[in-house]
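Undergrad: Build me a model:
(chains A and B)
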2 protein chains.
Amino acid sequence: MTESTMTERPRIGFVGLGIMGSPMAVNLQRAGFDVTGFNRTPSKTAALVDAGGRAGDSVAETVASADIVALMLPDSPDVREVVLGGGGVLEHAREGALVIDFSTIRPDVAAELAAACAARGVAFLDAPVSGGESGAIEATLSIMVGGAAEHVERARPVLQAVGKTVAHVGPAGAGQTTKAANQLMVAGIIELVAEAMVLLRARGVDVARALPVLQGGLAGSTVLERKGESMLAHRFEPGFRLALHDKDLRIVVAAAQEVGAVIPLGGLVAQLVTAMVARGDGALDHSALLKQVEALSGLASLE
Amino acid sequence: MTESTMTERPRIGFVGLGIMGSPMAVNLQRAGFDVTGFNRTPSKTAALVDAGGRAGDSVAETVASADIVALMLPDSPDVREVVLGGGGVLEHAREGALVIDFSTIRPDVAAELAAACAARGVAFLDAPVSGGESGAIEATLSIMVGGAAEHVERARPVLQAVGKTVAHVGPAGAGQTTKAANQLMVAGIIELVAEAMVLLRARGVDVARALPVLQGGLAGSTVLERKGESMLAHRFEPGFRLALHDKDLRIVVAAAQEVGAVIPLGGLVAQLVTAMVARGDGALDHSALLKQVEALSGLASLE
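TA: Model (predicted):
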């Protein structure tokens, strides 16, 4: 980053304008950054261009003049290819550029990319988010950041333009580990709520009356608060798709196995989510784990 | 219950003055009921007597003149014996008496006792509680009630004298099923928080910084809010003992199996709690599940 760009509008190259990336890029443009966006499907740049940003022709062109490169891509191989591959970030980014990877990927890949970037004079932060599409649109995401403290300080204006909570949780990869822990707990709690609902229904309890008293005690959870009613009504439009949660739980299991962390409930719920996707329910919201518990219990007729 | 006792102070016979029952009986006495208490260990009646109540000599004498019989006993066999056994409630309670069983027992046993009482002209409610010793002392328990609506209305002044939230969730046994669902979710969420903490620590994340961002999103839970800090500090004094949670999870598993409800995470966490008790940790708080996840992961040195 040069002095001249610091005093003018910092330039951001944003790669990956999907459901999350597009509104994040729009919010950065509106917050005063000069944003160029790239997506393999070019039509996805429309919202950013409408907001006054520019559409890049390639990853190379998008990152070449950027002070900050933002990534929001589906999975670890995508991020590795965009950063390390031919025509990618490391070939074309300026020395001194800062890469902020908002994608949810494996912590070990994040650490590997941070090291590769450092060797070329490029800063790298892993900064996965939670809060979903609505959080991306409203700029209220929670951001879990791993990397060097000075890079986090430099990134802060960008992070605060897309998120409400920014937590620097440790060195490179620590943001991804925290996101993995988040996804482990979310899937597990959804499954527990589903199992509790099936137990209640199967034994003739008025579930709608039981849920408030359960939510009021130690069993309470944000899952039950936000999703209890839609689960009771069997409304499973996403939200957060099971196919994505399946991908995230593969990251969780790999991240645990690599360091010898034993996660019995995490491992089991990963299998249960994979089973949903294998049976063709990957496009449903993750709260549809309830459907599977009902089917296992012979209660499919409740749907 | 006769007209004369309705217009004077209703008489309550309270059987089981343990950690929960003693403060509940005291609160009933203070709320204006005329309470006689019985416990197999006679010294446990001291607090009730100090509050102006009376100590009964036997179950028979304690329940014989009572309008309402309250029970707070350890497990299903204890309640069955006190209600159905020789010298018990059904032999000695008045016709028209109301039995309120605050114990946590099997839903099928609650339904069986309700039927046996009905055949003798005695009303029965299952009314297990959550909120722990502090909730019992402060009269802020949550009470999950199963039984006939007219019995619940009759019991309401008693229930409101010991609890803050009273939920009538269905017919006989429904209160116990709701408590079972509560215990399933509490154990499962504690285990998930423990697994998340071990994953974070094992990968070098600053756990204290990660927990607030996790609590702020969909992964948030009352367990993490109330027990996150003490778990991080490895403070495992009860609280709610693992040995009791083990007993409650046996009820959960039996209640699920009886009706064909399949609870994969519930079944697994029941095994994990049994393992803690089998290894001699039954006297620790249920949040000590963290110790086991650490030990499984070779992280015992973190203690």
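Undergrad: Can you list the low-confidence ranges for chain A?
TA: Residue ranges of chain A with pLDDT under 70: A:1-7, A:300-303.
Undergrad: What about it, which residue is the most distant from its middle?
TA: Distance from the C-alpha centroid of chain A peaks at residue A:204, with 38.3 Å (CA atoms, centre = their mean).
Undergrad: From what I see, that one and residue B:175 are in contact.
TA: No. With contact defined as CB atoms under 8 Å, residue A:204 does not count as touching residue B:175 (11.8 Å). Just so you know, the C-beta spots here come from the backbone N, C-alpha and C atoms, and that holds for glycine as well.
Undergrad: quick one on the thing from earlier: now for the closest residue in space to the residue farthest from the centre of chain A that isn't next to it in sequence, how many residues are close by?
TA: Nearest non-adjacent residue to residue A:204, counting by CB to CB, 6 or more residues apart in numbering or on different chains: residue B:170, 5.8 Å away. Neighbour count for residue B:170, taken as other CB atoms under 10 Å in any protein chain shown: 22.
Undergrad: Residue A:86 now?
TA: Quick note: residue A:86 (other CB under 10 Å) scores 8 neighbours.
Undergrad: What of residue A:41?
TA: Number of residues near residue A:41 (other CB under 10 Å) recorded here: 8.
Undergrad: how close does it get to residue A:21?
TA: Separation of residue A:41 from residue A:21 (CB to CB, to the nearest Å): 12 Å.
Undergrad: What of residue A:139?
TA: In this view, residue A:139 and residue A:21 are 13 Å apart by CB to CB.
Undergrad: Looking at these two, which has the bigger crowd around it?
TA: residue A:21 (24 against 19).
Undergrad: Give the full set of residues in contact with that one.
TA: Neighbour list for residue A:21: A:14-15, A:37, A:39, A:70, A:72, A:102, A:136 [criterion: CB atoms under 8 Å, 6 or more residues apart in numbering or on different chains].
Undergrad: does the residue nearest to residue A:204 really touch residue B:144, like I thought?
TA: No. Taking contacts as CB under 8 Å, residue B:170 lies outside contact range of residue B:144: 9.5 Å.
Undergrad: intersection of neighbour lists for these two?
TA: Counting by CB under 8 Å, 6+ apart, the contacts common to residue B:170 and residue B:144 are residue A:210.
Undergrad: after the lengthiest strand in chain A, next one along is what?
TA: As assigned by DSSP state E, the longest strand anywhere in chain A is strand A:163-170. For strand A:163-170, the following helix or strand on the C-terminal side (DSSP states H and E) is helix A:174-202.
Undergrad: contact partners of the helix or strand following that following helix?
TA: Reading on from helix A:174-202 to the C-terminus, the next helix or strand found by DSSP H and E is helix A:207-215. Residues outside helix A:207-215 that contact it (CB under 8 Å, 6+ apart) are A:196-197, A:200-201, A:220-221, A:224-225, A:228, A:232, B:130, B:142-144, B:165, B:167-170, B:174, B:178, B:181-182, B:185.
Undergrad: Show me how far helix A:207-215 is from its chain's centre.
TA: Mean-position distance between helix A:207-215 and its chain equals 30 Å (CA atoms, centre = their mean, to the nearest Å).
Undergrad: can you list the domains in chain A?
TA: A:3-171, A:178-296 (automatic domain parsing).
Undergrad: Can you tell me the SS state at residue A:66?
TA: Put simply, residue A:66 is coil when judged by DSSP: H, G, I helix; E, B strand; the rest coil.
Undergrad: Only C-alpha atoms, please: export stretch A:279-294 in PDB.
TA: Output of stretch A:279-294 as PDB, limited to C-alpha atoms (Å, rounded to 0.1, in the frame of the first residue of the first chain):
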ATOM      1  CA  ARG A 279     -30.400 -38.700   0.500                       C
ATOM      2  CA  GLY A 280     -30.900 -35.600  -1.600                       C
ATOM      3  CA  ASP A 281     -31.800 -33.000   1.100                       C
ATOM      4  CA  GLY A 282     -28.700 -30.900   0.700                       C
ATOM      5  CA  ALA A 283     -30.600 -27.900  -0.500                       C
ATOM      6  CA  LEU A 284     -32.700 -27.700   2.700                       C
ATOM      7  CA  ASP A 285     -31.900 -25.600   5.700                       C
ATOM      8  CA  HIS A 286     -29.700 -27.300   8.300                       C
ATOM      9  CA  SER A 287     -32.700 -27.300  10.700                       C
ATOM     10  CA  ALA A 288     -34.100 -30.100   8.400                       C
ATOM     11  CA  LEU A 289     -32.100 -32.500  10.500                       C
ATOM     12  CA  LEU A 290     -35.500 -32.800  12.200                       C
ATOM     13  CA  LYS A 291     -36.900 -34.600   9.200                       C
ATOM     14  CA  GLN A 292     -34.200 -37.300   9.500                       C
ATOM     15  CA  VAL A 293     -34.800 -37.900  13.200                       C
ATOM     16  CA  GLU A 294     -38.500 -38.200  12.500                       C
END
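Undergrad: So which bits of it are buried?
TA: For stretch A:279-294, burial by neighbour count (16 or more other CB atoms under 10 Å in any protein chain shown) applies to A:281-282, A:284-294.
Undergrad: what inclination does the longest strand of chain A have with respect to helix B:174-202?
TA: Between strand A:163-170 and helix B:174-202, the angle comes out at 60 degrees (axes from the mean of the first three to the mean of the last three CA atoms, to 10 degrees).
Undergrad: ok so, going back, tabulate the domains of chain A (TSV), appending distance to residue B:91.
TA: Output for those, formatted as TSV (distance: least, CB to CB, whole Å):
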stretch	distance to residue B:91
domain A:3-171	59
domain A:178-296	30
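Undergrad: of all these, which lies closest to residue B:98?
TA: Among the domains of chain A, the nearest to residue B:98 by CB to CB is domain A:178-296 (21.1 Å).
Undergrad: and the end-to-end length of the closest one?
TA: In domain A:178-296, first residue to last residue: 32 Å (CA to CA, to the nearest Å).
Undergrad: tell me how far it is from the chain's mean position?
TA: Distance, stretch centre to chain centre, for domain A:178-296: 17 Å (CA atoms, centre = their mean).
Undergrad: For chain A, which segments count as strands?
TA: Ranges of strands within chain A are A:11-15, A:34-38, A:54-55, A:68-71, A:98-101, A:123-126, A:129-130, A:141-146, A:163-170, based on DSSP E.
Undergrad: closest one to residue B:253 among those strands?
TA: Closest to residue B:253 of those is strand A:129-130 (CB to CB; 32.8 Å).
Undergrad: Neighbouring strands - and their directions - for the closest one?
TA: For strand A:129-130, the paired strands and their directions (DSSP bridges) are strand A:141-146 (antiparallel).
Undergrad: For the partner strand, which outside residues touch it?
TA: When contacts are defined by CB under 8 Å, 6+ apart, strand A:141-146 is touched by residues A:24, A:102, A:107, A:110, A:125-131, A:135, A:152, A:155, A:159, A:162-179, A:182, B:205, B:210, B:213, B:216-217.
Undergrad: Would you format the strands of chain A as CSV with distance to residue A:86 included?
TA: As requested, the strands of chain A are exported to CSV (distance: least, CB to CB, whole Å):
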stretch, distance to residue A:86
strand A:11-15, 15
strand A:34-38, 15
strand A:54-55, 22
strand A:68-71, 16
strand A:98-101, 17
strand A:123-126, 19
strand A:129-130, 28
strand A:141-146, 27
strand A:163-170, 32
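Undergrad: wait, residue A:240 sits on residue A:284?
TA: No. With contact defined as CB under 8 Å, residue A:240 does not count as touching residue A:284 (10.0 Å).
Undergrad: burial measure for the closest residue to chain B within the stretch 1-150 of chain A, as a count.
TA: Nearest residue of the stretch 1-150 of chain A to chain B, counting by CB to the nearest CB: residue A:130, 4.3 Å away. When neighbours are defined as other CB under 10 Å, residue A:130 has 24 of them.
Undergrad: what does residue A:141 give?
TA: Neighbour count of residue A:141, defined by other CB under 10 Å: 28.
Undergrad: which ones are touching residue A:114?
TA: By CB under 8 Å, 6+ apart, the residues touching residue A:114 are A:124-126, A:147, A:172-173.
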